[in-house]
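1. Generate a structure from the sequence data that follows.
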Amino acid sequence: MELTRLIVKGGVISPGELREIVNMAMDQGLDSISFGSRQDIIFPKGFKSFHKEDFGKHHFVYPDQKSGNNIVSSYVSTDIFRNTNWLTGNRFLYVLEEFKEQPKLKVNITDPKQQLVPLFTGHLNFIASEHEDYWYLYIRLPKWEQMEVYPVLIYSWDLAKIYYEIEKITAEESVGIEMLFTLVSEALDTNNRTIDKPLNVPFYPFPYYEGMNRMGIDQYWLGLYWRNNQYDLDFLKEMCDLCFECKIGKICITPWKSFIVKGIPKDRKLEWEKFLGKKGINVRHSLLELNWHLPVATEWSLNLKTFLVRTLDQFDISTYGLNFGISEYNRDGHYFTSIVIEKNELPAALESIKIRDTYNVLFAKNFDSNTREYIVHSQDIDKLELPTILIELSRKYFEELGNSIPETENVQKKEKPQLDIYQCQECLTLYNSEYGDESQGIQKGILFENLPETYCCSLCEAPKSNFKILEIAVN
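-> Presented below is the predicted three-dimensional model:
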């Protein structure tokens, strides 16, 4: 596909940089840009190349170029979703800054406690451990059949130099994980740490990431999503200007072809809401529409998603916690959504005949894409059969939710206090009395009924009366 990509390291870009890019696109007569699944910016067919001196530090990858992979990071999740305590936004920025040269391999740098950014879609996947400033490394190089774990934890300030050494070694020869570790250890002096326990990736429902939401005491964050992934340049330009006025330093691109603005001052919230209203921007799509991953600039996948979302909406089916992917047939099976719809390849002998497309439906083990294990549910399904299949899988997900027990968990029953879980009907945020609500000073173990009547949703600020009970557990 003849598309040009702009690499945005870690999915983090300043309003000034985005404004420069918007001006470049407008100078070429474009009226919109798109976002890619690796947190990059996508330009349509016909976008003209620049000489390096014309675009300075911006790294473009043109259709005829195979090199140039973006670093995916979960910086976008920090401060707004659950996270590893020591992994702050500044920590992410310092680590990303160490990557001076454009990687040739796909790199992911992520927090395992967030659910918005996939953990294992890179060739090298650095995943935060519980030990401050130490990371697991999961490697699956292009010619490897399976993912391998690097045998030590890696220090934050060694991530970049270990990556570049691995890139250099693997460019010259094909090696396994043990030889790779030996060669890196011989070449570099690093501050490694022994792995004292395996990586634990807890399962959390997919978050709602759109609209104006509270961030701490005196700030807000804004998530924006456009159905067609065509972001209007005039809108982006004015938004960058508003970021300048509010002293907002970073804009974050998500892997879901959307973006998030963090740090909107409380006293400027109304100004932002007026700006969105004047531009006619809808910031309350249903989660059913937000939790889809589609290939960029493929009309067939957008049409299929539209058909499925509208059909499921008519049946009033809940898909809270699930996410979906649409893809052409993938022989490697590398996905990052809980349910995948694969479009089958048309046999070469039948290309001249007009026949209906067929699809395969797969789901991740326990509906957790981080397991990287997919189960085939249905094969060679017609488009009209897909809604029924997705409804069936959605029901299966809720039936099994909470039934899986981690192998490391002690199965001996212990007496537990009574707990309850309530859900905001506006944005689907959960209040779980087991955890309380730290952002509002609510301690662990406080039942929902004992919360003050002034309690409101920590995400969308809906009143306490807007919550509905999901579950009560006594033991």
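2. Ile42 sits in which helix or strand?
-> Secondary structure here is read from DSSP states H and E; on that basis Ile42 sits in strand 41-43.
3. mean confidence for that strand?
-> Across strand 41-43, pLDDT averages out at 90.
4. next one: phi and psi at the closest residue to Gln440 other than its chain neighbours?
-> Nearest non-adjacent residue to Gln440, counting by C-beta to C-beta, 6 or more residues apart in numbering: Ser458, 6.0 Å away. Where C-beta positions appear, they are placed from N, C-alpha and C, glycine not excepted. Backbone dihedrals for Ser458, given as degrees, to the nearest 10, come out at phi -70, psi -10.
5. residues in contact with Ser458?
-> With contacts taken as C-beta atoms under 8 Å, 6 or more residues apart in numbering, Ser458 has the following neighbours: 214, 429, 437, 439-440.
6. Of those, grab the buried ones for PyMOL.
-> Isolation of the buried members of the contacts of Ser458 (16 or more other C-beta atoms under 10 Å) is achieved in PyMOL through the command below:
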select buried, resi 214+429+437+440
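7. between the contacts of Ser458, which is closest to Leu6?
-> Proximity to Leu6 was ranked across the contacts of Ser458 by C-beta to C-beta; first place goes to Arg214, at 31.5 Å.
8. Quick check: buried residues in stretch 120-134?
-> By 16+ other C-beta under 10 Å, the buried positions in stretch 120-134 come out as 120-129, 133-134.
9. Show me the residues you listed that map onto strands.
-> The strands, defined by DSSP state E, take in 124-128, 134 from the buried residues of stretch 120-134.
10. And the residues you listed, which two are furthest apart?
-> Farthest apart among those by C-beta to C-beta are Leu124 and Tyr134. That separation is 15.8 Å.
11. Around Gln423, count how many other residues there are.
-> Using other C-beta atoms under 10 Å, the number of residues around Gln423 comes to 19.
12. just to revisit the earlier point, turn the contacts of Ser458 into TSV, columns for distance to Thr4.
-> As requested, these are arranged in TSV below (distance: C-beta to C-beta, whole Å):
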residue	distance to Thr4
Arg214	37
Thr429	38
Asp437	45
Ser439	41
Gln440	45
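13. Looking at the contacts of Ser458, spot the one nearest Leu87.
-> Closest to Leu87, out of all of the contacts of Ser458 and judged by C-beta to C-beta, is Ser439, at 17.6 Å.
14. Around Lys262, count how many other residues there are.
-> Lys262 has 22 neighbours, counted by other C-beta under 10 Å.
15. Shouldn't it be within a helix?
-> No. Looking at Lys262 with DSSP: H, G, I helix; E, B strand; the rest coil, it is strand, so not inside a helix.
16. out of everything not next to it in sequence, what's closest to it?
-> Residue nearest to Lys262 in three dimensions, not counting chain neighbours: Trp221, with 4.4 Å by C-beta to C-beta, 6+ apart.
17. mind listing what the one you found touches?
-> Here Trp221 is in contact with 79-80, 212-213, 215, 260-264 (criterion: C-beta under 8 Å, 6+ apart).
18. and of these, the nearest to Gly249?
-> Out of the contacts of Trp221, the one with the shortest distance to Gly249 is Gly263. That distance is 7.5 Å, counting by C-beta to C-beta.
19. follow-up on the earlier one: list the ones among the contacts of Ser458 that fall in strands.
-> Judged by DSSP E, the subset of the contacts of Ser458 located in strands is Arg214.
20. which one of the contacts of Ser458 sits closest to Glu400?
-> Nearest to Glu400, judged by C-beta to C-beta, of the contacts of Ser458 is Thr429 at 22.5 Å.
21. give me every residue that touches the residue nearest to the closest one when sequence neighbours are not counted.
-> What sits nearest to Thr429 in space, not counting adjacent residues and going by C-beta to C-beta, 6+ apart, is Leu459, at 4.4 Å. Contacts here follow C-beta under 8 Å, 6+ apart; on that basis Leu459 touches 208, 213-214, 424, 427, 429.
22. Just give me the longest strand of the protein.
-> Of all the segments assigned as strand in the chain under DSSP E, the longest by residue count is strand 374-382.
23. Now it - C-alpha only, PDB.
-> Extracted in PDB, the C-alpha atoms of strand 374-382 (Å, rounded to 0.1, in the frame of the first residue of the first chain):
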ATOM      1  CA  TYR A 374      -5.200 -17.900  19.800                       C
ATOM      2  CA  ILE A 375      -7.900 -20.500  19.400                       C
ATOM      3  CA  VAL A 376      -9.800 -20.900  16.100                       C
ATOM      4  CA  HIS A 377     -13.500 -20.600  16.800                       C
ATOM      5  CA  SER A 378     -15.000 -20.600  13.200                       C
ATOM      6  CA  GLN A 379     -13.600 -20.900   9.700                       C
ATOM      7  CA  ASP A 380     -14.800 -19.800   6.300                       C
ATOM      8  CA  ILE A 381     -17.700 -17.800   7.700                       C
ATOM      9  CA  ASP A 382     -19.800 -15.500   5.500                       C
END
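24. list the helices and strands whichever helix or strand comes after it packs on?
-> As assigned by DSSP H and E, the chain's next helix or strand after strand 374-382 is helix 386-400. In terms of contacts (3 or more C-beta pairs under 8 Å, 6 or more residues apart in numbering; DSSP states H and E), helix 386-400 is packed against helix 299-314, strand 339-343, strand 358-364, strand 374-382.
25. most tightly surrounded among those?
-> For the helices and strands packed on helix 386-400, ranked by mean neighbour count under the definition mean count of other C-beta atoms under 10 Å, the leader is strand 339-343 at a mean of 23.
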